[in-house]
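J.: below is the sequence, then the predicted model.
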Amino acid sequence: MSSKNPILGLCQQARFLISAAKVDQCPPDSGLEVAFAGRSNAGKSSALNTLTHASLARTSKTPGRTQLLNFFSLDEERRLVDLPGYGYAKVPIPLKQHWQHHLEAYLSSRESLAGLILMMDIRHPLTDFDRLMLDWSSAGNMPLHILLTKADKLAFGAAKNALLKVRQEIRKGWGEGVSIQLFSAPKRQGIEEAHAVLAHWLQLDLQDDEAEAEA
């Protein structure tokens, strides 16, 4: 990763801020934040920890443990948000409905939300939950970037084919506004690309441009 990307320095100082069960418990709606979403077994916590070089999100052998909106501060104006894991079969239906209700309330009302990172297991992409998130982002004109996680589970050619296939389906169903990439936490694949997206959404690339202009 280029040392120029200031997201790295911010990630190294990331700290837990607060957990919220519903929208009115969230931090003040100011500044900028990027939310991470995905089915409970899509490798969301591993991806978040890999991107931040920290153990912000708890990984668990029992998917579905993240039942709150967890906020992490990068600086006074920027945050990352770990959204509730969704879709694990053993979670009771009322709890699933609770998560969906509060996810929708957060996504539709949060002014500081600058973009959504959606994790999909490359072997099981475009589930009903994934399509719901794509619909929400499209309806709200919310930038969305997809990490096709666990890319290391497929051979390189198969992973590339899966990427092309999912990209084609997304363009057909949701247009050009959604970006997508391969990602593997264990192999540290796709980190630079994901960091570039985060830096752009959090307006850190603007700081780089200003610094270069002043120089």
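T.: Nice, thanks for sending it over. Residues are numbered from 1 along each chain as shown.

J.: partners of the biggest strand by length in the chain, with directions?
T.: Assignment by DSSP state E gives strand 113-121 as the longest strand of the chain. Within its sheet, strand 113-121 is paired with strand 32-38 (parallel), strand 144-149 (parallel), according to DSSP bridges.

J.: name the next helix or strand downstream of that strand, please.
T.: Following strand 113-121 in sequence order, the next helix or strand is helix 128-139 (DSSP states H and E).

J.: packing partners for that following helix?
T.: helix 93-109, strand 113-121, strand 144-149, helix 156-174, strand 178-182 (3 or more C-beta pairs under 8 Å, 6 or more residues apart in numbering; DSSP states H and E). Quick note: C-beta positions are derived from backbone N, CA and C, even for glycine.

J.: of the ones you listed, which stretch is the most buried?
T.: Among these, ranked by average contacts under mean count of other C-beta atoms under 10 Å, first place goes to strand 144-149 (a mean of 25).

J.: so where's this protein shaky on pLDDT?
T.: 1-4, 57-66, 86-92, 95-96, 206-215 (pLDDT under 70).

J.: ok, back up a step: format the helices and strands packed on helix 128-139 as TSV; extra columns: distance to Arg79.
T.: Listed next are those as TSV, based on distance: least, C-beta to C-beta, whole Å:
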stretch	distance to Arg79
helix 93-109	13
strand 113-121	10
strand 144-149	17
helix 156-174	26
strand 178-182	21
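
J.: of those, which is nearest Leu132?
T.: helix 93-109 (8.0 Å; C-beta to C-beta).

J.: report the angle between that closest one and strand 32-38.
T.: Relative orientation of helix 93-109 versus strand 32-38 (axes from the mean of the first three to the mean of the last three C-alpha atoms, to 10 degrees): 150 degrees.
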